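**Q** take this sequence and fold it.
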Amino acid sequence: MDINFNKNEDHNKLLVSTLRQKLAKVKLGGGEKRIEKHHAKGKMTARERINFLLDDAEKAIEIGAFAGEGMYEEHGGCPGGGVIVKIGHVSGKQCIVVANDATVKAGAWFPITGKKNLRAQEIAIENRLPIIYLVDSAGVFLPMQDEIFPDKEHFGRIFRNNAVMSSMGITQIAAVMGSCVAGGAYLPIMSDEAIIVEKTGSIFLAGSYLVKAAIGESIDNETLGGATTHSEISGVTDYKAKDDKDALTKIQNIMDKIGDFDRAGFSHKKSVKPKEDPDEIYGILPKKRSDQYDMRKIIERLVDNSEFEEYKEGYGQTIITGYARIDGWAVGIVANQRKIVKTKKGEMQFGGVIYSDSADKATRFIANCNQKKIPLVFLQDVTGFMVGSKSEHGGIIKDGAKMVSAVSNSVVPKFTIILGNSYGAGNYAMCGKAYDPRLIAAWPSAELAVMGGTQAAKVLAQIETASLAKKGKKVDEAKEKEVFEKLKAKYNEQTSAYYAAARLWTDAVIEPKDTRKWISMGIEAADHAPIEKDFNMGVIQT
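**A** Numbering: from 1, shown residues only. As a prediction, this is how the structure comes out:
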């Protein structure tokens, strides 16, 4: 191993260490004191509930763990978006579990909470996955009601999705394990089956205080909407549980009886570990985002037996395409090559940049995978499309449009992993969030932006210093540097993997070693949903 390998390894392992520390903090939700208060009420925390429910919590994957990070600080923050979402197995059936974290503002809904819940439902709908709701929420966070209440992608969309999923035959089970108030009361009742926990669970459109204020009736919350009321009088719920564990066991028993589903039929064989050591990824992936490396070495450490059948190896070399298996599942891989390469014409091409021939190759390969019903995996480390007169005259816009069209119209499931750079239109062509990947995750080394921090800061600094000069203010070299550094720091913060994850532009920040698990769980989920239409790229210029 050379010195650069060791430096890269130290850097990337430090990034992973930071990731683990951040996750540990997120898992505390509202903090240890609130967890203790939760336990004092005889309740399990949201994470404890999920861990009890799942067959094997270690094999599950978590969606949106960093949602809300650094947001809503004026309101005390909202760790994890106040809700936990995991894909795992219950009684042998793969499903998605959504659990309100009542240690975070009593489980109140912030704008990001709504967005995260909608993402969970989107995954369930796309993949025909059963969805389990563990309800414990005080309802909408009123100081921000205008940002979560009335719009198309706000709170009300949750219940619309409940109805749509029911019509699609997607199983929905809800357990009311705490508060369930106002509009939120519709969620469990629009599910197929509803469970309520004695003494701690309650459902009502308006609590006792509001009832008193509205109609003058004096009544306690338990009589108004507790477990006995809804299980024996109103008939709103289907099962009454004596405590959290009893409710979760009832869910396990219901899931155990669910029949099988029509499968998409993606090719799957026995999983084989990579022959090349995955831990070497830390030394291969460079510390500096501008440095070159061979993406094939990364691929060999992600795929079964390190076997990769490359498609058009000698053509369009700044994108690598080919077939492999990941945890037994057949996949088609589209990856950015970060090495400077030389074409047969003797021309040099920069790594991480998409050229016309690379876009053409990727388009053909995506079409092939759709014809063969092979899921697509995009490995992003892209700085964008090649610019300049030669590229423009060669039709880079046209070839890029073909690739974007192929990605947009692909009918096989797509999965995106952002390893390094994800800049500009390169993000789009390589199946960024706007292009409907079933799952999209980033390594801690990832950066998402229109352009890199240094380049963007230079452009913005030039604009700002010119503006200052127009106002008659003196702009010397020291002032220019000050403006540049300030803008660069701000831009770099906004390009980080955690900034993107906080806003759910990605589903997670993951360790490289978990990439195989994420893709495998994603394809297993996608296999629940048969492909119902043919691949058609529409009208494109040839």
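**Q** the worst-scoring helix or strand of the chain on mean pLDDT packs against which elements?
**A** Within the chain, no helix or strand scores below helix 453-470, which has a mean of 72 by mean pLDDT, DSSP states H and E. Judged by 3 or more C-beta pairs under 8 Å, 6 or more residues apart in numbering; DSSP states H and E, the packing partners of helix 453-470 are helix 477-495. Using the backbone N, CA and C atoms, a C-beta is placed for each residue, glycine as well.
**Q** can I get the helix it packs on in PDB, CA atoms only?
**A** Extracted as PDB, the C-alpha positions of helix 477-495 are listed here (Å, rounded to 0.1, in the frame of the first residue of the first chain):
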ATOM      1  CA  GLU A 477      -7.000  42.000  -2.100                       C
ATOM      2  CA  ALA A 478      -7.700  41.400   1.600                       C
ATOM      3  CA  LYS A 479     -11.400  42.200   1.200                       C
ATOM      4  CA  GLU A 480     -11.600  40.000  -1.800                       C
ATOM      5  CA  LYS A 481     -10.100  37.100   0.100                       C
ATOM      6  CA  GLU A 482     -12.500  37.700   3.100                       C
ATOM      7  CA  VAL A 483     -15.500  37.700   0.800                       C
ATOM      8  CA  PHE A 484     -14.300  34.500  -0.900                       C
ATOM      9  CA  GLU A 485     -13.600  32.600   2.300                       C
ATOM     10  CA  LYS A 486     -17.000  33.500   3.800                       C
ATOM     11  CA  LEU A 487     -18.800  32.400   0.700                       C
ATOM     12  CA  LYS A 488     -16.800  29.200   0.400                       C
ATOM     13  CA  ALA A 489     -17.500  28.200   4.000                       C
ATOM     14  CA  LYS A 490     -21.200  28.800   3.500                       C
ATOM     15  CA  TYR A 491     -21.300  26.900   0.200                       C
ATOM     16  CA  ASN A 492     -19.300  24.000   1.500                       C
ATOM     17  CA  GLU A 493     -21.700  23.600   4.400                       C
ATOM     18  CA  GLN A 494     -24.600  23.500   1.900                       C
ATOM     19  CA  THR A 495     -22.900  20.800  -0.200                       C
END
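**Q** can you check what angle separates that helix from helix 453-470?
**A** Put simply, helix 477-495 runs at 140 degrees to helix 453-470, going by axes from the mean of the first three to the mean of the last three C-alpha atoms, to 10 degrees.
**Q** can you give me the buried ones in helix 477-495?
**A** By 16 or more other C-beta atoms under 10 Å, the buried positions in helix 477-495 come out as 483-484, 487-488, 491-492, 495.
**Q** could you look up the SS state of the residue in the chain sticking out farthest from the centre?
**A** When each C-alpha in the chain is compared with the mean C-alpha position (C-alpha atoms, centre = their mean), residue 472 comes out farthest, at 47.6 Å. Using DSSP: H, G, I helix; E, B strand; the rest coil, the three-state assignment for residue 472 comes out as coil.
**Q** list phi and psi for it.
**A** As for residue 472, its main-chain torsions (degrees, to the nearest 10) stand at phi 80, psi 10.
**Q** quick one: pLDDT of it?
**A** Looking at residue 472, its pLDDT reads 77.
**Q** in contact with residue 117, which residues?
**A** Residue 117 makes contacts with 83, 85, 98, 109, 158, as judged by C-beta atoms under 8 Å, 6 or more residues apart in numbering.
**Q** nearest to residue 241, of the residues you listed?
**A** Closest approach between the contacts of residue 117 and residue 241, by C-beta to C-beta: residue 98, at 18.1 Å.
**Q** give me the beta-bridge partners of the closest one?
**A** residue 85, residue 133 (DSSP bridges).
**Q** farthest pair within the buried residues of helix 477-495?
**A** Maximum pairwise distance among the buried residues of helix 477-495 (C-beta to C-beta): 18.5 Å, between 483 and 495.
**Q** quick one on the thing from earlier: ok, and the most crowded of the contacts of residue 117?
**A** residue 109 (30 neighbours; other C-beta atoms under 10 Å).
**Q** now do the phi/psi pair for that one.
**A** When read as degrees, to the nearest 10, the backbone of residue 109 gives phi -90, psi 110.
**Q** and it, what does it touch?
**A** Contacts of residue 109 (C-beta under 8 Å, 6+ apart): 82, 117, 137, 139-141, 148, 155, 184.
**Q** least confident of the residues you listed?
**A** Lowest pLDDT among those: residue 184, with 72.
**Q** so the residue farthest from the centre of the chain versus residue 53, what's the distance?
**A** The gap separating residue 472 from residue 53 is 66 Å, by C-beta to C-beta, to the nearest Å.
**Q** looking at the contacts of residue 109, which is nearest residue 341?
**A** After measuring the contacts of residue 109 against residue 341 - C-beta to C-beta - the closest member comes out as residue 117, at 44.6 Å.
**Q** returning to what we had before: which one among the contacts of residue 117 gets closest to residue 304?
**A** For those, the nearest to residue 304 is residue 85 (28.2 Å; C-beta to C-beta).
**Q** just to check, that closest one is in contact with residue 101?
**A** No. If you go by C-beta atoms under 8 Å, residue 85 and residue 101 don't touch, sitting 10.6 Å apart.
**Q** from the contacts of residue 109, which is closest to residue 31?
**A** residue 82 (13.1 Å).
**Q** count residues in the vicinity of the closest one, would you?
**A** So residue 82, with other C-beta under 10 Å, has 31 neighbours.
**Q** do residue 418 as well
**A** For residue 418, using other C-beta under 10 Å, the count is 28.
**Q** again, but for residue 74
**A** Quick note: residue 74 (other C-beta under 10 Å) scores 7 neighbours.
**Q** just checking, it is part of a helix?
**A** Yes. Checked against three-state DSSP, residue 74 lies within a helix.
**Q** next one, pLDDT for it please.
**A** We note a pLDDT of 93 for residue 74 in this prediction.
**Q** quick one: contacts for the closest residue to residue 373 other than its chain neighbours?
**A** Ranked by C-beta to C-beta, 6 or more residues apart in numbering and with sequence neighbours excluded, the top spatial neighbour of residue 373 is residue 412, at 6.2 Å. Going by C-beta under 8 Å, 6+ apart, residue 412 touches 369-370, 373-376, 531, 535.
**Q** where does pLDDT dip in the stretch 151-300 of the chain?
**A** The model of the stretch 151-300 of the chain has pLDDT under 70 over residues 183.
**Q** returning to that earlier point: just the contacts of residue 412 now: which is nearest residue 233?
**A** Among these, and counting by C-beta to C-beta, the member closest to residue 233 is residue 531, at 46.7 Å.
**Q** count of residues packed around the closest residue to that closest one other than its chain neighbours?
**A** Once flanking residues are discounted, residue 531 sits nearest to residue 411: 5.3 Å by C-beta to C-beta, 6+ apart. Residues lying near residue 411 (other C-beta under 10 Å) number 14.
**Q** hey, which helix is longest across this protein?
**A** For the chain, the longest helix by residue count, based on DSSP state H, is helix 3-26.
**Q** so which elements touch it?
**A** helix 281-284.
**Q** list the buried residues for the next helix or strand after the helix it packs on?
**A** Next helix or strand after helix 281-284 toward the C-terminus (DSSP states H and E): helix 295-300. The neighbour-count check on helix 295-300 (16+ other C-beta under 10 Å) flags 295-296, 298-300 as buried.
**Q** swap in stretch 166-183?
**A** Here stretch 166-183 shows 170-182 as buried, counting by 16+ other C-beta under 10 Å.
**Q** same check on stretch 87-105?
**A** For stretch 87-105, by 16+ other C-beta under 10 Å, it's 87-91, 93-105.
**Q** go on, stretch 34-47?
**A** So, applying 16+ other C-beta under 10 Å, buried residues of stretch 34-47: 34-35, 38, 43-47.
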